[in-house]
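Student: Below is the sequence, then the predicted model.
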Amino acid sequence: MNIIFMGTPDFATPVLERLHKHHRIPAVFTAPSKRTGRSQVMTNSPVQQRAESYDIPVYTPKSLRLPDVQELIESIEPDLVVVAAYGLFIPDTILTLPRLGCWNIHPSLLPKLRGPSPVVTSILQRDIVTGVSIMKLDQNMDSGPILAQHSYHMSFSETASSLTRSLFEIGADLLHDCIARADRDKLVETIAQNDAEATFTSKQTKEDGLINWDSTSQDIEAQIRAYTPWPGSFTYWNGKILKILSANLPTADSDRQFPTGTVTKGPGGTLNILTGNSQIEVSMVQLEGKKAMKPEEFLLGYPSIIGAKLG
């Protein structure tokens, strides 16, 4: 089958790998190169790097509305366009070009969690089950008919990074099955979404990462996992940003004589922070301008944090 792939981040590369093994990929569309790291070196997207290793032509337009982009896609005569975390809006003029349409891998069980952050929202909600959907794109956001879905039981150690990768790896397998079925049967069976059951997610901002210590330990611990790697979860100490990179739920009761946000030292030198209903046990922390540290190392350098109120 003649398939155009559109994707950008690292977790989209397993989808490209699977497609490359079984189909002809005449073109890959991905986000333009951008400056990364402290040295601000121009870096190609992970999908572009993988596509170039396969000698697949790569295109990085800033918009798919440009006439020359649409003419290019039309000239390829794709049977299918596969989208996996691409990042650009796909206009109607492109949606109708491929014989089978444009299929998208969405990391939720649609119509639940439509929008830009289904994985983050699922962790924040402390869901037990999430999943992945293969859907046919239409003019609206994540509302197109569904080709296939697969449920995934979440562990309570999942971060947004690890869960996203797991769901897209499952999505790559599910997509392969959908394409094989369409190729065999010469038709695509879909199920319309029930819009009445739809829920929606929103895009995160850096400010969302600020921890509210009046929240429950369970909500704060879920936030830390949901916002890994971005925007991260943080608080303030002595006017500096203190990132809480990972934390565990408590195994012992907290001392409620102190206000929420107070740092205490637990048994074995653990770094604990009081919350609205208990405490969390920090397992990795990073002070602004410093390296990430385990609690015992951090306390050696900054013992005065014990007794401090964060926020």
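Tutor: That came in fine, so what should we check first?

Student: drop to CA atoms for contacts and neighbour counts, all remaining ones
Tutor: Fine.

Student: Secondary structure element for the residue nearest to Ile76 when sequence neighbours are not counted, which one?
Tutor: Among residues not flanking Ile76 along the chain, Pro26 sits closest, at 7.3 Å (C-alpha to C-alpha, 6 or more residues apart in numbering). Following DSSP states H and E, one finds Pro26 within strand 24-29.

Student: what's that strand packed up against?
Tutor: With contacts defined as 3 or more C-alpha pairs under 8 Å, 6 or more residues apart in numbering; DSSP states H and E, strand 24-29 has these neighbours: strand 2-7, strand 58-59.

Student: per-residue pLDDT, the residue nearest to Ile76?
Tutor: Pro26 carries a pLDDT value of 98.

Student: That one: neighbour count?
Tutor: If you count neighbours by other C-alpha atoms under 10 Å, Pro26 ends up with 18.

Student: and the gap between it and Ala12?
Tutor: When C-alpha to C-alpha, to the nearest Å is applied, the distance between Pro26 and Ala12 equals 17 Å.

Student: so where's the stretch 201-311 of the chain uncertain?
Tutor: 252-255 (pLDDT under 70).

Student: What residue spans form the domains of this structure?
Tutor: 2-197, 206-305 (automatic domain parsing).

Student: Serialize those to JSON lines and add fields for distance to Gly311.
Tutor: JSON lines is the format used below for the domains of the chain (distance: least, C-alpha to C-alpha, whole Å):
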{"stretch": "domain 2-197", "distance to Gly311": "20"}
{"stretch": "domain 206-305", "distance to Gly311": "5"}
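
Student: re the thing from before, and Asp208, which of the helices and strands packed on strand 24-29 is closest to it?
Tutor: Asp208 lies closest, by C-alpha to C-alpha, to one member of those: strand 2-7, at 25.9 Å.

Student: what about the helices in the protein?
Tutor: For the chain, the helices defined by DSSP state H cover 13-22, 46-53, 67-76, 92-95, 118-124, 160-185, 217-226, 295-301.

Student: who wins for proximity to Ala247 among the ones you listed?
Tutor: Taking these one by one with C-alpha to C-alpha, helix 217-226 is closest: 6.2 Å.

Student: List the contacts of the closest one.
Tutor: 119-121, 123-126, 157-160, 209, 211-213, 232-233, 244-249, 275-280 (C-alpha atoms under 8 Å, 6 or more residues apart in numbering).

Student: from the chain's centre, how far out does it sit?
Tutor: Helix 217-226 sits 16 Å away from the centroid of its parent chain (C-alpha atoms, centre = their mean, to the nearest Å).

Student: what angle do it and helix 160-185 make?
Tutor: 60 degrees (axes from the mean of the first three to the mean of the last three C-alpha atoms, to 10 degrees).

Student: I'd like the numbering to begin with 603 instead of 1 from here.
Tutor: All right, first residue 603 from here; so that's helix 819-828.

Student: quick one: buried residues of helix 819-828?
Tutor: Going by neighbour count (16 or more other C-alpha atoms under 10 Å), the buried part of helix 819-828 is 819-828.

Student: same deal with stretch 744-760?
Tutor: Counting neighbours by 16+ other C-alpha under 10 Å, stretch 744-760 gives 744-752, 754, 756, 760 as buried.

Student: now do stretch 764-773
Tutor: 765-773.

Student: so can I have a markdown table of the residues you listed showing distance to Gly703?
Tutor: Conversion of the buried residues of stretch 764-773 to a markdown table gives the following (distance: C-alpha to C-alpha, whole Å):
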| residue | distance to Gly703 |
| --- | --- |
| Leu765 | 28 |
| Thr766 | 25 |
| Arg767 | 25 |
| Ser768 | 26 |
| Leu769 | 22 |
| Phe770 | 20 |
| Glu771 | 22 |
| Ile772 | 21 |
| Gly773 | 18 |
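
Student: Which pair of these spans the longest distance?
Tutor: Most distant of the buried residues of stretch 764-773, by C-alpha to C-alpha, are Leu765 and Gly773, 12.0 Å apart.

Student: So Glu654 versus His624, what's the distance?
Tutor: 17 Å.

Student: again, but for Arg783
Tutor: Taken as C-alpha to C-alpha, the span from Arg783 to His624 is 14 Å.

Student: Among the two, which residue is more densely surrounded?
Tutor: Between Arg783 and His624, counted using other C-alpha under 10 Å, Arg783 has the larger neighbour count: 14 against 11.

Student: and the more buried one, what does it touch?
Tutor: Val790.

Student: And the pLDDT at it?
Tutor: At Arg783, pLDDT is 94.

Student: same check, this time on the one 10 residues further on
Tutor: According to the predicted model, the pLDDT of Ile793 comes to 97.
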